[in-house]
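*Asks:* what's the 3D shape of this:
(one chain, ligands or ions: 2)
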Amino acid sequence: MVTRNKFMVVSGFLGSGKTTSMIALTEYINEHGGKAAMIANDLGSKNIVDAKYTDTTGLSVTEIAGGCICYQTQTLVDKLRKLRDMEKVQLVMSDIPGCGVGALDHVYHKLNEQYPDEFELAPLLVITDPERLRMIMPEKARLNLPKDMIYLLNAQLVEADVVVLNKIDLLSDAEINMYLDLLNSVCMDVPVFAISAKDKIGIGEVADYLMSYQSKLKVIDVGYGGAEFIEAEKKMSWYNRQFFVKTGDGKTFNGNAFISTFIEIVRRKVAENNRNIPHLKIFAIGNENDFAKASLLGIDYDIEFDKIIIKEYGNLRVIVNVRAVCESMLMSQIMNEALDEVAEQFDVYYQIFFTECFGMMDEGRI
Ligand SMILES: Nc1nc2c(ncn2[C@@H]2O[C@H](COP(=O)(O)OP(=O)(O)OP(=O)(O)O)[C@@H](O)[C@H]2O)c(=O)[nH]1
Ligand SMILES: [Mg+2]
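*Replies:* Ligands and ions are numbered 1, 2, ... in the order given. Model (predicted):
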């Protein structure tokens, strides 16, 4: 008899903390006698910061790149079988890229119908963060994001079996209660938890829930493929690049300063064009164990370093992923100009190894 292992999707808005939460949950489950693993899913074909960064944790990470798991059922099933049979994993969790909408129909119902005896479907987890939640609080919204994005946030919440308010380390108790009230009123039929994935607060309660309950496999229409969905998706683009930065003369430079300056130039140019970048991620490697990881969650926010690079190097390998609310051609141009500018400021040259840029609805993308 085939033993069923649990599988679940972690959905949520760009930058809400899906990857950080998956790491915290996996660590917690592993530390408490269970065995969990992650799948890092992305639309880009390669050079995915989330997969590279997650890999540095030493936890079990499998990458599914080149398209959403919604449309890669066979690949997903192959990976799940492998994790079950080879690594004896009890719970596998995968994020869902792009707009984070559609997993209920395209992953949960599909697996339930096509592989009913093989996978137990754990609750579909939706991660929210306080800043993005302001989108559905009109009096608070000053987010520089098009109104179309509200549809996405709402659609994500409708699909949820369980909702998490993340980043509570940034909130007062009164603010936490306010956001929990908001989420409870919007998602009346599902439990809502408050966590800090970064500071590992509240992770145990969520992990226990995920290990104890199953998805309700709700049957609902979230308007996938409809006019609102298309309007929101049309505004988004994906940009991935890998390059080497070199001094060429034996000198070294500060990788953290290079990353910060590069992001600041991108921020300035995106703002000048009245566009936004809900998530820009950079992973920069000096040597095997010395790397930096930074995020910018929109033009109005500070740069966050999850990890800084310790030493100075004369040669840095840099991976950039941008999830933008900007036309793909304009995003490409901004990134090219920003790289030229930062290279000039640091008196370094660069070698580009890989670039891909596409609008979510660009013709011929799939
Ligand atoms: N303060 C705080 N920051 C957090 C928390 N969780 C995540 N972050 C930060 O938020 C940023 C985005 O987190 P990710 O986990 O990469 O978000 P994501 O949802 O996976 O992003 P995408 O995959 O691009 O959609 C990173 O800089 C994280 O360090 C948290 O609990 N508290
Ligand atoms: Mg992520």
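*Asks:* how distant is the helix or strand containing Y179 from the center of its chain?
*Replies:* Secondary-structure assignment from DSSP states H and E places Y179 in helix 173-186. Centroid separation for helix 173-186 versus its chain: 23 Å, with CA atoms, centre = their mean, to the nearest Å.
*Asks:* likewise stretch 91-101?
*Replies:* Stretch 91-101 has its average C-alpha position 8 Å from the chain's average C-alpha position, going by CA atoms, centre = their mean.
*Asks:* and it, average pLDDT?
*Replies:* Per-residue confidence for stretch 91-101 averages out to 89 on the pLDDT scale.
*Asks:* what's the first-to-last distance across it?
*Replies:* 22 Å (CA to CA, to the nearest Å).
*Asks:* how much space separates the residue lying farthest from the centre of the chain from G286?
*Replies:* Farthest-out residue of the chain from its mean C-alpha position, per CA atoms, centre = their mean: D249, at 37.5 Å. To G286, D249 is 18 Å away according to CB to CB, to the nearest Å. All C-beta atoms are positioned from the backbone trio N, CA, C, and that covers glycine.
*Asks:* hang on, Y179 packs against P130?
*Replies:* Yes - look at Y179 against P130 with CB atoms under 8 Å: they come within range, at 5.7 Å.
*Asks:* need the residues touching each of those two.
*Replies:* Counting by CB atoms under 8 Å, 6 or more residues apart in numbering, the contacts common to Y179 and P130 are L165, L171.
*Asks:* helix or strand for Y28, which one?
*Replies:* Of the helices and strands defined by DSSP H and E, Y28 is found in helix 18-31.
*Asks:* what helices and strands are in contact with that helix?
*Replies:* With contacts defined as 3 or more CB pairs under 8 Å, 6 or more residues apart in numbering; DSSP states H and E, the secondary structure elements packing on helix 18-31 are strand 5-12, strand 36-41, helix 49-55, strand 91-95, strand 125-128, helix 203-212.
*Asks:* and the angle for it with strand 36-41?
*Replies:* Helix 18-31 and strand 36-41 meet at an angle of 160 degrees, taking axes from the mean of the first three to the mean of the last three CA atoms, to 10 degrees as the criterion.
*Asks:* any idea how far the closest residue to M361 other than its chain neighbours is from ligand 2?
*Replies:* Leaving aside its chain neighbours, M361 sits nearest to K234 (4.7 Å; criterion: CB to CB, 6 or more residues apart in numbering). To ligand 2, K234 is 22 Å away according to CB to the ion, to the nearest Å.
*Asks:* I'd say K234 and G359 touch.
*Replies:* Yes - taking CB under 8 Å as the definition, K234 is a contact partner of G359 at 7.2 Å.
*Asks:* more neighbours, those two?
*Replies:* Set side by side, K234 and G359 show unequal neighbour counts under other CB atoms under 10 Å, the larger going to G359 at 19 against 15.
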